[in-house]
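I need the structure of the sequence given here:
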Amino acid sequence: MGGSLNKLAFFGEGPNTTDTARTYFGMTETIAGVNAAFPVLPKLNMSLLGEANGRFVNLRPENGQGSPSTEQSVLNPQTAFAQFGEGVRIRPDLAGGYVRLNYLVNFQEFIAGNSMYSLRRLTLDFGHEFPLYKKTRRMVPREFNGPDDCSVDKAVHSCPSITRNLEGSFGLRFLMNESFTSSGNQVPFYFQPTLGGSDVNGNAGLSSYQDYRFRAPNNLLARASFEHSIWGPFGLTAMIDEGKVAMTHGDIDFTHLRHSYAAGLTLRAGGFPMVYLLFSWGGREGTHTITSVNTSLLGGSTRPSLY
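Got it, this is the predicted structure:
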């Protein structure tokens with residue numbers, strides 16, 4: 001797996017950067033490895049997760065974008081990484097299918113060729129979906145599918161057809177990433193999670209801000225959302241995000257949160273990815289219109305994160 005991003009914004013590290021400090025850089029990352037999920041405790045739909053990857057990152061200046069290129073001195077911490085991960089995920093349906101949980105606890109180790117950039121990361125991701133109808137499809141990947149397979153049954157490899165069934169749900173999500181380093185080590189900025197617009201994986205968070213607006217080794221995001229079909233494959237969605245980034249663990253709390261509101265349209269047609277068109281506001285730095293894609297309808301085990 002690999003990814004090449006020609007235009008990434010960098011505003012500096014930490015929660016107190018300014019939007020006028022934006023510079024640009026380019027990044028290519030190659031990831032080679034394996035990941036696996038081992039089902040246990042079927043009643044909880046629980047799986048143990050494991051991964052082993054080699055990560056190779058190449059950063060480059062990006063000129064001619066109307067803003068200065070990120071300084072070469074910032075781009076210098078490039079090295080190869082051996083990255084391992086262990087985790088547990090549960091996805092039970094409760095209350096007759098009207099409460100759906102999607103909980104993930106994951107721990108990763110990044111071992112750098114230059115040891116001063118080695119790190120460990122703990123991710124807690126607790127999703128709650130409250131469908132309004134039993135036929136509302138669950139928007140999560142399925143391990144029995146290939147990377148471009150949208151089957152909903154491991155015994156029948158065919159994509160779901162376009163439906164006129166009413167679908168809708170409320171959602172609550174809490175996400176936290178915490179990074180750990182030995183004394184004197186640092187987390188490379190390109191492996192720090194971001195909030196603002198969409199991140200390098202295409203996931204929206206504090207979407208009224210510019211993409212990659214806030215960057216730090218630690219972050220948290222709390223979201224309340226609503227989505228409902230209105231006609232055929234089209235639907236409406238609305239969400240509220242509260243979040244922050246922090247350079248130290250002690251600053252990860254629920255004070256001084258940034259907030260963002262979003263509303264827009266969704267498109268989900270059969271087995272195609274779900275597409276969001278969102279207008280976002282409320283973040284003190286203007287408004288932002290973004291298009292994002294939730295590829296969970298394509299199934300496949302979770303692809304490695306680019307950070």
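
Let me know the pLDDT of residue 221.
If you check residue 221, the pLDDT there is 98.

what's the helix or strand for it?
strand 218-231 (DSSP states H and E).

Take that strand, keep the C-alpha atoms, and write them as PDB.
Only the C-alpha atoms of strand 218-231 are listed here, as PDB (Å, rounded to 0.1, in the frame of the first residue of the first chain):
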ATOM      1  CA  ASN A 218      -2.200  13.800  21.200                       C
ATOM      2  CA  ASN A 219      -5.800  14.600  20.300                       C
ATOM      3  CA  LEU A 220      -9.400  14.000  21.200                       C
ATOM      4  CA  LEU A 221     -12.600  14.400  19.300                       C
ATOM      5  CA  ALA A 222     -16.200  14.100  20.400                       C
ATOM      6  CA  ARG A 223     -19.000  14.000  17.900                       C
ATOM      7  CA  ALA A 224     -22.800  13.900  17.800                       C
ATOM      8  CA  SER A 225     -24.300  13.200  14.400                       C
ATOM      9  CA  PHE A 226     -27.600  12.500  12.600                       C
ATOM     10  CA  GLU A 227     -28.200  11.000   9.100                       C
ATOM     11  CA  HIS A 228     -31.400  10.200   7.300                       C
ATOM     12  CA  SER A 229     -32.500   9.200   3.700                       C
ATOM     13  CA  ILE A 230     -34.800  11.700   1.900                       C
ATOM     14  CA  TRP A 231     -35.200  10.200  -1.600                       C
END
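
Next, residue 92: phi, psi?
phi -80, psi 150 (degrees, to the nearest 10).

Dig out what the closest residue to residue 69 other than its chain neighbours forms beta bridges with.
Closest residue to residue 69 in three dimensions, ignoring its sequence neighbours and counting by Cβ to Cβ, 6 or more residues apart in numbering: residue 61, at 4.0 Å. All C-beta atoms are positioned from the backbone trio N, CA, C, and that covers glycine. Residue 61 forms beta bridges with residue 25, as assigned by DSSP bridges.

wait, doesn't residue 78 sit right on residue 58?
Yes: taking contacts as Cβ atoms under 8 Å, residue 78 lies within contact range of residue 58: 6.7 Å.

ok, the two, which is more surrounded?
residue 78 (17 against 12; other Cβ atoms under 10 Å).

secondary structure class for the more buried one?
coil (DSSP: H, G, I helix; E, B strand; the rest coil).

List the contacts of it.
Residues counted as contacts of residue 78 (Cβ atoms under 8 Å, 6 or more residues apart in numbering) are 57, 58, 59, 188.

secondary structure class for the first one?
The three-state assignment at residue 57 reads strand, by three-state DSSP.

Enumerate every residue touching it.
With Cβ under 8 Å, 6+ apart, residue 57 has these contacts: 27, 28, 29, 78, 79, 80, 81, 188, 190.

Grab the nearest non-local neighbour of residue 24.
Using Cβ to Cβ, 6+ apart, the nearest residue to residue 24 is residue 62, at 4.1 Å.

what about the one you found, neighbour count?
Neighbour tally, residue 62, other Cβ under 10 Å: 21.

these two touch, right, it and residue 9?
No: using Cβ under 8 Å, residue 62 is not in contact with residue 9; the gap is 9.6 Å.

residues touching residue 9, list them.
Neighbouring residues of residue 9 by Cβ under 8 Å, 6+ apart: 22, 23, 24, 67, 210, 211, 212, 213.

and if we set it to 7 Å?
22, 24, 210, 211, 212 (Cβ atoms under 7 Å, 6 or more residues apart in numbering).
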